[in-house]
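Student: Model the structure of this input:
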Amino acid sequence: MEESLTYRRWTVSVNRALTAAAYAAVPEGSPETCGCDPCRNFALGRERIYPVAVRELLTQLGIDWHKEAEVYHNGQVRPEIHSYGGWFHFTGRIEAGSDCWNSITPSAAVPEFEHVLDGFSLGFGKRVVLPRDSFRGQELVQVEFLAETRWTVEAQEVA
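Tutor: As a prediction, this is how the structure comes out:
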């Protein structure tokens, strides 16, 4: 059953039950699958990285916020603080609001995310990359985020 949900400039249609079932079939998030030092740092900081309001939003969408489809390390932005990006998927569609990726040329796009808190922003997009097998055949929306967090993993800090 689809529900309508409004978050900031977007209204989305979401099938929470299908989304939750797809996440139940996913054993772990992208950082755990990778296991490199930056990904281990992200996984250790999840509780700090995702603001409570974002965790609540993801839960409303049926998303298990411990199971990102992808997380990538952008690098160190200042001493001990690192920038990350990543995304999740949910079953549904964007009903209103512009895609978070605004194309400026055929080969480049600029993100137009919403600022949530200092060090965290997100957006909804129609571009779907690396969906988990459990989502096969479903119409999907990608929830993208940018986040900053401290380097806390017991490994040499990367640049």
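
Student: C-alpha from now on. contacts and neighbour counts both.
Tutor: Will do.

Student: tell me which residues in stretch 47-57 are buried?
Tutor: For stretch 47-57, the neighbour count (16 or more other Cα atoms under 10 Å) marks 49-51, 54-55, 57 as buried.

Student: typo on my end, it should be stretch 117-130
Tutor: 119-126.

Student: Closest one of those to residue 62?
Tutor: residue 124 (14.8 Å; Cα to Cα).

Student: Surely the closest one and residue 144 touch.
Tutor: Yes. Judged on Cα atoms under 8 Å, residue 124 makes contact with residue 144 at a distance of 6.3 Å.

Student: Need the overlap of contacts for those two.
Tutor: Common neighbours of residue 124 and residue 144 are not found (criterion: Cα atoms under 8 Å, 6 or more residues apart in numbering).

Student: name the helices or strands packed onto the one helix or strand residue 74 maps to?
Tutor: Assessed by DSSP states H and E, residue 74 sits inside strand 70-78. Contacting strand 70-78 under the criterion 3 or more Cα pairs under 8 Å, 6 or more residues apart in numbering; DSSP states H and E are the following elements: helix 30-34, helix 37-49, strand 81-96.
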